[in-house]
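In: coordinates only, sequence not included:
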């Protein structure tokens, strides 16, 4: 990690590790993120805009235009990340439009993702939020209806364009009022695009939901019977503040157990309930987590499977830019260490053992991205509460570099 990024990460993480300061600042940032006022809107007030950009935006966000985003993406890959997951920060809110504006909503939604594709390259991911296509789409999702024809035509167009560029697509999870329909629509996309042993479309599964292990099994069975590859992005959960409580595990420990259990079963190709007489379905797993224990456990399981010559699945890791940077850099160091230990042999195992780490970025205007970041902070409250440990790690690395520069190794 470049020293400038290390110092900025240390500063921001130190702030996030202070619960009272975070609690105090959230309401203020929420006002700035959603204010239509020229005085408080950071895109209209240059003073507030400068403060927000320097303190928050530049640390967490890829940029607001193609040139800036491409530069950030390039920097991430130079540091050593396998690639990036890029999403468009602007999202649709139900009170922003009417069904009569469907054509305009869908066109703007599609244009946002066309721009996103132009900013990334082969092997990268693009994060897509289906509800962003406007009020008609939102209504169809909420009422478990088929996708609106125009929206679906454009969605297929987006997918074909992305596949032509070898850019993978993951569909973001949303609250449970919408998620069952999102699952159904994404199933249609996986059936069409995830062929020939390749996972191009990924659906998001939230481990804090009691139904998730069963839900994954349902799709694994379909993939097994129909011959397509299942793309899984596994998170702990994003909407705990708004979900019906009975749908969610009673404790965080139960969520951890569910998350880690799903990962282990997938990696060992021993998912309970699958027909063992049939070939195991193709699966690709994106471990979207800021939990160090889960990441280390997953790597250890896959490493053991590979070293024993056993079959496993494709595994990749993703963390938000500006969050869990110590964990992300730990994966990069592990990758470099593996290369040094095995690289001289030129072994195929060396390549298999290298963790594939990605950084998840958003792009958009200052206010759009501030709205996006506030949602991510709420979603990752458990990770934010653990930032004290990351601060210690950053401080240790800073001291190590200072000593090295002075000749004290």
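Out: That came through, no problem. What you are looking at is a predicted structure, and each value in this text was computed from that prediction instead of being measured. Numbering: from 1, shown residues only.

In: contacts and neighbour counts: CA atoms only from here.
Out: Fine.

In: which residues of the stretch 51-200 of the chain score low on pLDDT?
Out: By pLDDT under 70, the low-scoring segments of the stretch 51-200 of the chain are 91-100.

In: Which stretches in the stretch 251-400 of the chain count as helices?
Out: Secondary structure of the stretch 251-400 of the chain by DSSP state H, counting those that start in this stretch: the helices cover 252-267, 292-307, 325-342, 348-353, 366-379, 381-384, 387-405.

In: mean pLDDT for the ones you listed: which is lowest?
Out: For the helices of the stretch 251-400 of the chain, mean pLDDT drops lowest on helix 381-384, to a mean of 52.

In: What's the local residue count around residue 294?
Out: Neighbour count for residue 294, taken as other CA atoms under 10 Å: 19.

In: Run through the residues that contact it.
Out: 259-260 (CA atoms under 8 Å, 6 or more residues apart in numbering).

In: what's the answer for the one 5 residues further on, then?
Out: Contact analysis of residue 299 by CA under 8 Å, 6+ apart lists residue 355.

In: Please report the distance of it from residue 315.
Out: Computed as CA to CA, to the nearest Å, the residue 299 to residue 315 distance reads 9 Å.

In: Overlap of the contact sets of these two?
Out: Contacts common to residue 299 and residue 315, judged by CA under 8 Å, 6+ apart, are residue 355.

In: what's residue 262 in contact with, if anything?
Out: 213, 271.

In: What of residue 144?
Out: Taking CA under 8 Å, 6+ apart, one finds 178, 180-181 in contact with residue 144.

In: Let's see which of these end up in helices.
Out: Mapping the contacts of residue 144 onto helices (DSSP state H) picks out 180-181.

In: Show me which of the contacts of residue 144 are buried.
Out: The neighbour count (16 or more other CA atoms under 10 Å) marks 178, 180-181 as buried among the contacts of residue 144.

In: List of residues touching the helix or strand harbouring residue 104?
Out: In this structure, residue 104 is located in helix 102-118 according to DSSP states H and E. Here helix 102-118 makes contact (CA under 8 Å, 6+ apart) with 66, 86-88, 126, 128, 132-136, 150-151, 154-155, 158, 162, 167.

In: Now intersect those residues with the helices, please.
Out: 66, 135-136, 150-151, 154-155, 158, 162.

In: ok, the residues you listed vs residue 368, which is closest?
Out: Nearest to residue 368 out of those is residue 66 (CA to CA; 15.9 Å).

In: For residue 274, which non-adjacent residue is spatially closest?
Out: Excluding its sequence neighbours, the residue lying closest to residue 274 (CA to CA, 6 or more residues apart in numbering) is residue 221, at 6.4 Å.

In: ok so the one you found is a helix residue?
Out: Yes. Assessed by DSSP: H, G, I helix; E, B strand; the rest coil, residue 221 belongs to a helix.

In: which residues sit in contact with it?
Out: 274-275, 281.

In: and what of residue 279?
Out: Counted by CA under 8 Å, 6+ apart, residue 279 has contacts residue 224.

In: measure it to residue 225 for me?
Out: Distance of residue 279 to residue 225, computed by CA to CA: 9 Å.

In: quick one on the thing from earlier: for the contacts of residue 144, which one is nearest residue 263?
Out: Nearest to residue 263 among the contacts of residue 144, counting by CA to CA, is residue 180 at 21.8 Å.

In: Just give the nearest non-adjacent residue to that closest one, would you?
Out: residue 144 (7.3 Å).

In: where does that neighbour land in three-state SS?
Out: coil.

In: How about residue 40?
Out: coil.

In: count of residues packed around the nearest residue to it once chain neighbours are set aside?
Out: In space, and not counting its chain neighbours, residue 40 is closest to residue 32: 5.5 Å by CA to CA, 6+ apart. Each residue near residue 32 was counted by other CA under 10 Å, and the total is 22.

In: possible to save the contacts of residue 144 as a markdown table with distance to residue 246?
Out: Below are the contacts of residue 144 laid out as a markdown table (distance: CA to CA, whole Å):
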| residue | distance to residue 246 |
| --- | --- |
| 178 | 17 |
| 180 | 16 |
| 181 | 20 |
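
In: list the contacts for residue 233?
Out: 170, 202-205, 285-288.

In: Just want the angle from the strand or helix carrying it to helix 252-267.
Out: Using DSSP H and E, residue 233 sits within strand 230-235. Between the axes of strand 230-235 and helix 252-267, defined by axes from the mean of the first three to the mean of the last three CA atoms, to 10 degrees, the angle is 160 degrees.

In: Name every strand pairing with strand 230-235 and say which way it goes.
Out: Strand 230-235 has the following sheet partners, assigned by DSSP bridges: strand 201-206 (parallel), strand 283-288 (parallel).

In: Could you single out the most deeply buried of these?
Out: strand 201-206 (a mean of 24; mean count of other CA atoms under 10 Å).
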